[in-house]
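[1] Show me the folded form of this:
(one chain, ligands or ions: 1)
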Amino acid sequence: MTLPKPTQEQQTILNSKCACKIVVAVPGSGKSTLLFQAIQQYYTQKQQPGHCLMLTFSKKSDNDNKKKGKTLFFAHRKQLDIRTFDSFCCRILKQHWQLAGYKKRPDFDNGYNQKILQAVYDSIALQKHKDRLPFEDVESIIKQVLETQESSLKAIASVYKKGLYANAVKPFTKILAEYQHHKKSRGIIGFKEQVEGCYQLFVRHPELLQTIAQQYGLLLIDETQDLSPVQLKIAIMLAGAIKQSFFVADDAQNIYSFRGVKATNLKTLEQALSKAKVFTLTQSHRCTKPVALLASKLRQAIQEVRNIKMWSEKEGDKPDFYTFANKNAQYRFVTQKIVKLHHQGMAYSDMAIIARKHESLVNLQRYLQLEMDAFHTAYDDNRTFTPTLLALLLDLMVNGYQESLVDKILLSLDITSTEENFAYVKAELSSTNKTARKNCNKHLKLFGDLIRKGLHANTTEARVRFIHAFLVSYSTKVASSQSSKKSDKHYFNAELTGATMLAKQGIDDAQMLEHLYALGKSDQGGVSLLTAHGAKGLEFKVVFVIDADNTLFPYVHSHRHHDNENDERKLFYVAITRCSQTLIMSSVYNEASNIKPTDFILKLKGFKRIINITDTTRNH
Ligand SMILES: Nc1ncnc2c1ncn2[C@@H]1O[C@H](COP(=O)(O)OP(=O)(O)OP(=O)(O)O)[C@@H](O)[C@H]1O
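    Got it, this is the predicted structure:
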């Protein structure tokens, strides 16, 4: 991995001798890249450099920065401190809790339990599914877990705060109250209190701030526009005490006002750091010319942001906006388009579907589920993969969970396929069962081929190996028990355990299995399904912005804030600037129910290509 050569714009900033730089720049202009270029310059110029402290707001970009930092500056890795603001404050407070005035060491509540958050999301988002547990059951399960892990409630609270799930508010409120009680009685302090505590510590003990600052020679702050008021105060204090500092931000990407983040971060920063020099970056290295033009127009309509004209040298097609009679027609179109692009060589991981609301993503998955139910009619005798099956496989890819992947394939084959198809699959499975343990590769190839015939050419080897192991176990059971109840959930779960063990024994690289679970959780390798908030900071070759209609963009239910439209426009700006090659926007267009493409697009002059698709069976 190497850093791109700085452009003239970037080089001017790097060359400046100013000790404190604030860079305001458009999406994809290389803000994060510039920070790494600054680190490179720092280590090259200094004989005995001090440590660099790189702070960012979100865990996601922190992880990204850590990875890049380690790769690019391996020799200096011990002098590179890359953290989130929360983690920085937590560390300071852990070291100096007595100075901060605590009588006994507080219990630091570090983050939340992802598993529980997932369980909550799943149970709520999918509770209408008939075979899901009722919410009460899920709630009681969560409570049981919470008895041992109170801190996880924070996660639930954050879901509740998003206000997405009206029917979940009551139990969450109850759980939240319980959590707060536990927290208080046990002296647990969360991230918010830790950041506030750290700030107070620096205010009361400036000597401590100086001691900490002396360890560092360069301070780098990414995503400055997203810092909370207290985080910003800490950043300002650090910039005042560390020799060189470098802030990067895009004021038009400030999308966290609902969390109390102010749109005025940059103004506050400039006023507080009078010696700072402000620079701008106008060229986007990510977006193509037409997308940069569209984004630039959108940016001009955003209030209270710096007037920067975004431009690009990258050629590309003008983005299209497709409209459909209903959501399913839209989802079908997106699915087929993804499949087509994949056949043309585009990796799934290079594509993303972005929506304003999580519900749109759930709806899309439901649609794919329906397609899957129709699987038996789509799976033809030539064993070629029809669009419906491709849609099913796409679902499996985007879900990313191996259990459900295996489960769904086998359940579909078993329950919904015709006798003939089932016999074929059964034969394929059983034919290998005896030699499979000895000859893993053969079996792997068999299943790999089956998958590759469709769209899984780049399915990770790990996934194929796992499925393979599962099938070995499954086919052994089929042969020995001749069970006719293969659709039984418990049966599959037992098989899954069997497959896990088998994979560990029989497959050369047992670690692949762990890797596979990690893959599943992070959705790597598949098409990313993201909300506009979740997509921030990310980059994909192809981006589909779905459900971009006047009820969701701007999201009508959040009209309670007077500046809502401005915030929503910023979100749309974030969504469309994630793509480096192709942007495809879509929505329902239904005059009877007054749903039409978002005004964000309609009001932009010069954007004429709205394609109305009525024939949904057409292959696009
Ligand atoms: N000088 C350059 N030459 C070529 N490509 C570059 C240059 N600088 C940055 N890029 C590329 O542009 C893309 C966007 O870079 P980066 O993620 O640093 O932008 P950003 O401004 O932080 O984006 P965002 O606003 O979305 O967070 C990356 O693919 C990066 O490699």
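
[2] Looks like Q37 contacts T7 (just checking).
    No - shown here, Q37 and T7 do not form a contact pair, counting by Cβ atoms under 8 Å, at 10.3 Å. The C-beta positions use only the backbone N, C-alpha and C, and glycine is treated the same way.

[3] who's more crowded, those two?
    Higher neighbour count among Q37 and T7: Q37, with 21 against 15, using other Cβ atoms under 10 Å.

[4] immediately after the helix or strand where that one lies, which helix or strand?
    Per DSSP states H and E: Q37 is located in helix 31-45. Reading on from helix 31-45 to the C-terminus, the next helix or strand found by DSSP H and E is strand 51-56.

[5] Any residue of the very next helix or strand once past that following strand touching the ligand?
    Counting by DSSP H and E, the next helix or strand C-terminal to strand 51-56 is helix 59-72. No - residues of helix 59-72 are not located near the ligand by Cβ under 6 Å from any ligand atom, the shortest gap being 7.5 Å.

[6] What residue, apart from its backbone neighbours, is nearest A295 spatially?
    T577 (5.1 Å; Cβ to Cβ, 6 or more residues apart in numbering).

[7] Enumerate every residue touching the one you found.
    Taking Cβ atoms under 8 Å, 6 or more residues apart in numbering, we find T577 in contact with V26, P27, G28, S284, R286, C287, V291, A295.

[8] Output those in JSON lines; the columns should cover distance to the ligand and secondary structure.
    JSON lines is the format used below for those (distance: Cβ to the nearest ligand atom, whole Å; DSSP: H, G, I helix; E, B strand; the rest coil):
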{"residue": "V26", "distance to the ligand": "7", "secondary structure": "coil"}
{"residue": "P27", "distance to the ligand": "4", "secondary structure": "coil"}
{"residue": "G28", "distance to the ligand": "4", "secondary structure": "coil"}
{"residue": "S284", "distance to the ligand": "8", "secondary structure": "coil"}
{"residue": "R286", "distance to the ligand": "4", "secondary structure": "coil"}
{"residue": "C287", "distance to the ligand": "9", "secondary structure": "coil"}
{"residue": "V291", "distance to the ligand": "12", "secondary structure": "helix"}
{"residue": "A295", "distance to the ligand": "11", "secondary structure": "helix"}
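
[9] Widest-spaced pair of those residues?
    Within those, V26 and V291 form the most distant pair, 11.3 Å apart (Cβ to Cβ).

[10] Could you show which parts of the stretch 251-400 of the chain are in contact with the ligand?
    Contact residues, the stretch 251-400 of the chain versus the ligand (Cβ under 6 Å from any ligand atom): H285, R286.

[11] which stretches of the stretch 251-400 of the chain form strands?
    277-281, 320-324, 351-355 (DSSP state E, counting those that start in this stretch).

[12] I'd like to know which of those strands is closest to V588.
    strand 320-324 (5.6 Å).

[13] Parallel or antiparallel, which strands does the closest one pair with?
    Sheet pairing for strand 320-324, assigned by DSSP bridges, gives strand 579-588 (parallel), strand 610-613 (parallel).

[14] Where among those strands is average confidence lowest?
    Of all the strands paired with strand 320-324, the minimum mean pLDDT falls on strand 610-613 (a mean of 58).

[15] and the residue of the stretch 251-400 of the chain found nearest the ligand, how far is that from K68?
    Relative to the ligand, the nearest point of the stretch 251-400 of the chain is H285 (3.3 Å; Cβ to the nearest ligand atom). Going from H285 to K68 by Cβ to Cβ, to the nearest Å gives 16 Å.

[16] ok, now S296?
    The spacing between S296 and K68, counted by Cβ to Cβ, is 28 Å.

[17] Repeat that for S228.
    Distance from S228 to K68, by Cβ to Cβ: 25 Å.

[18] what does T268 give?
    Counting by Cβ to Cβ - T268 and K68 are separated by 28 Å.

[19] what about the two, which has more around it?
    Taking other Cβ under 10 Å, T268 and K68 do not tie; K68 has more neighbours (19 against 15).

[20] Could you check what's spatially nearest to the more buried one, not counting adjacent residues?
    K68 sits nearest to F36 (Cβ to Cβ, 6+ apart), 6.2 Å away.

[21] Could you check how far that neighbour is from the ligand?
    Computed as Cβ to the nearest ligand atom, to the nearest Å, the F36 to the ligand distance reads 8 Å.

[22] ditto for Q45
    Counting by Cβ to the nearest ligand atom, the gap from Q45 to the ligand is 19 Å.

[23] who are the neighbours in contact with that residue?
    Applying Cβ under 8 Å, 6+ apart, no residues contact Q45.

[24] thinking again about what came up before, nearest approach to L14 belongs to which of the strands of the stretch 251-400 of the chain?
    It's strand 277-281; of those, that one is closest to L14 (Cβ to Cβ) at 10.0 Å.

[25] ok, and what's touching the closest one?
    For strand 277-281, the external contacting residues (Cβ under 8 Å, 6+ apart) are 9-10, 12-13, 16, 18, 20-26, 29-31, 34, 270, 306, 308.

[26] Only whichever of the residues you listed are buried, select them in PyMOL.
    Buried subset of the contacts of strand 277-281, written as a PyMOL selection, criterion 16 or more other Cβ atoms under 10 Å:
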select buried, resi 9+10+13+18+20+21+22+23+24+25+26+29+30+31+34+306+308
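
[27] pLDDT score assigned to the closest residue to D350 other than its chain neighbours?
    Among residues not flanking D350 along the chain, K541 sits closest, at 4.1 Å (Cβ to Cβ, 6+ apart). You'll see K541 listed with a pLDDT of 96.

[28] where's K541, which helix or strand?
    strand 540-545.

[29] Show me where this protein dips below the pLDDT cut-off.
    46-47, 109-186, 258-259, 339, 342-343, 368-526, 556-563, 605-620 (pLDDT under 70).

[30] how about the residues of this structure near the ligand?
    Proximity of the chain to the ligand (Cβ under 6 Å from any ligand atom) is limited to residues 4-7, 10, 25, 27-33, 250, 285-286, 537, 539.

[31] Next, count neighbours for the closest residue to D226 other than its chain neighbours.
    Counting by Cβ to Cβ, 6+ apart, D226 lies nearest to F57, which is 4.2 Å off, once chain neighbours are set aside. Using other Cβ under 10 Å, F57 has 22 neighbouring residues.

[32] again, but for M351
    Applying other Cβ under 10 Å, we find 25 residues neighbouring M351.

[33] For F74, give its distance to the ligand.
    Shown here: F74 relative to the ligand, a distance of 19 Å by Cβ to the nearest ligand atom.

[34] Tell me what the residue lying closest to I39 once chain neighbours are set aside is bridged to.
    Excluding the flanking residues, the one nearest I39 by Cβ to Cβ, 6+ apart is C52, at 5.5 Å. Beta bridges link C52 to L80, L218, judged by DSSP bridges.

[35] what about C52, distance to the ligand?
    For C52 relative to the ligand (Cβ to the nearest ligand atom), the value is 17 Å.

[36] Can you report how many residues neighbour that residue?
    25.

[37] My guess is it contacts L220. True?
    Yes - with contact defined as Cβ under 8 Å, C52 counts as touching L220 (6.5 Å).

[38] shared neighbours of these two, anything?
    Counting by Cβ under 8 Å, 6+ apart, the shared contacts of C52 and L220 are I39.

[39] The residue nearest to D350 touches S580, doesn't it?
    Yes - proximity of K541 to S580 meets the contact threshold set by Cβ under 8 Å, at 5.4 Å.

[40] Who has more neighbours out of the two?
    Set side by side, K541 and S580 show more neighbours around S580, with 21 against 15, by other Cβ under 10 Å.

[41] Which residue, neighbours along the chain excluded, lies closest to the more buried one?
    Distance criterion Cβ to Cβ, 6+ apart; nearest residue to S580, sequence neighbours excluded, is R286 at 4.9 Å.

[42] Count the neighbours of the one you found for me.
    20.
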